[in-house]
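> Return a 3D structure for these sequence lines:
(chains A and B)
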Number of protein chains: 2
Amino acid sequence: MRQRIAIDMDETIVDTLSRHLEWYNKEFDQQVTKADLYGKKIYHYVVEDHVARVRSYPNHPEFFVDIPPLEGALEVIRELHTRYDIVIATAAMEYPTSFNAKYEWLTKYLPFLSPMNFIFCGNKGVVNADYLIDDSSRHFVDFKGTGILFSASHNLLEAAEKRVNNWQDVHAMFL
Amino acid sequence: MRQRIAIDMDETIVDTLSRHLEWYNKEFDQQVTKADLYGKKIYHYVVEDHVARVRSYPNHPEFFVDIPPLEGALEVIRELHTRYDIVIATAAMEYPTSFNAKYEWLTKYLPFLSPMNFIFCGNKGVVNADYLIDDSSRHFVDFKGTGILFSASHNLLEAAEKRVNNWQDVHAMFL
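Numbering: from 1, shown residues only, chains lettered A, B, ... in the order given. The predicted structure follows:
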């Protein structure tokens, strides 16, 4: 039986942070870069008056439209798909208005995956898989399989039992 | 640690079939009842020319709005919630345009459950739970826990290792 790899979407497959920075910098006339967010989330970096706005961006129907994938993500997932059972597990319940945009993105950029393998959830402890590749280590707490932390600016100061820095690392680990 | 019960939505918590029949009978001037669907799905009962229309109903944004819950469902789930970890696992990927309506329904009728415990998926083999209560036995094939068939017109001729006929039976089994 094939092993199952669950893969997070935001900041693991798609470059959500770039979209966040793009919208934030435009709205508030700022020049925040990913380097500024070393070890923290954008919510923890911006001034308090801006937090609610920044948090609301992913609820906008346009936020996920054509967000660029992270380098190598699509190619490596396509290759993993030939040897593993791949499911995409995204914490969509945090942004319920994002359901359709996320579904559109996934079917457009990962057309070789069946939507039957998409999971829109909250807590990822409910996902039954051998591995979970995710930039948020909180999802590993209740997860029964092996959590693999996907490096993102906000998690670079975290200790991780297993970490991949990019999709090349994922390729090296599984293929 | 609490045991986790995953519960299907359509024809387990909500009376989807009544809505289907209501819309079908109205559109095609018919009088189909649940009794007519003993052992079969509505798609297998109606004449071939109507199948595509009937299949399309759940894609309509109004289809899930205020569908009535099945008798006892809300009360028993509320009680289960005090002793078990409850997740709602619905095969929403089959009807992607239903995401929002399903989310609205769940937050309105089961407000004591956190949306973090909702799972919109396709294949339910990806759900990590001890039990899955579902009217579709196909979801039990890859499911690692115990599948419990919730009786619905279409499954009454199926053999089932564990079957509940209604929410009273669920109460008796778990509480």
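> Could you check how far A:Ser98 is from A:Val164?
25 Å (Cβ to Cβ, to the nearest Å). Quick note: C-beta positions are derived from backbone N, CA and C, even for glycine.
> Which one's more surrounded, those two?
A:Ser98 (24 against 19; other Cβ atoms under 10 Å in any protein chain shown).
> Checking the more buried one next. Helix, strand or coil?
Recorded secondary structure, A:Ser98: helix (DSSP: H, G, I helix; E, B strand; the rest coil).
> wait, isn't it in contact with A:Ile67?
No - the pair A:Ser98 and A:Ile67 fails to qualify as a contact (Cβ atoms under 8 Å) at a distance of 10.9 Å.
> Does A:Gly125 belong to a helix, a strand or coil?
Applying three-state DSSP: A:Gly125 is helix.
> What's the local residue count around it?
20.
> Kindly report the same for the one 3 residues further on.
Burial of A:Asn128 is recorded as 22 neighbouring residues (other Cβ under 10 Å).
> I'd guessed it sits against A:Arg4; true?
Yes - using Cβ under 8 Å, A:Asn128 is in contact with A:Arg4, at 7.4 Å.
> Return every residue with contacts to both of the two.
B:Val126 (Cβ atoms under 8 Å, 6 or more residues apart in numbering or on different chains).
> what does chain A have sitting close to chain B?
A:4, A:6, A:87, A:89, A:92-93, A:96-97, A:99-100, A:103, A:114-123, A:125-129, A:144 (Cβ under 8 Å from any Cβ of the partner chain).
> List buried residues within those residues.
A:4, A:6, A:87, A:89, A:92-93, A:96-97, A:99, A:103, A:115-123, A:125-129 (16 or more other Cβ atoms under 10 Å in any protein chain shown).
> What about these, which are in helices?
A:99, A:103 (DSSP state H).
> hey, where'd the helices end up in chain A?
Going by DSSP H, chain A shows helices at A:16-28, A:42-45, A:48-56, A:73-83, A:99-109, A:167-174.
> Low-confidence bits of chain A, can you list those?
Across chain A, not a single residue meets the criterion (pLDDT under 70).
> neighbours around the nearest residue to A:Asp36 once chain neighbours are set aside, how many?
With sequence-adjacent residues excluded and distances taken as Cβ to Cβ, 6 or more residues apart in numbering or on different chains, A:Asp36 is closest to A:Tyr45, at 6.3 Å. Neighbour count of A:Tyr45, defined by other Cβ under 10 Å: 18.
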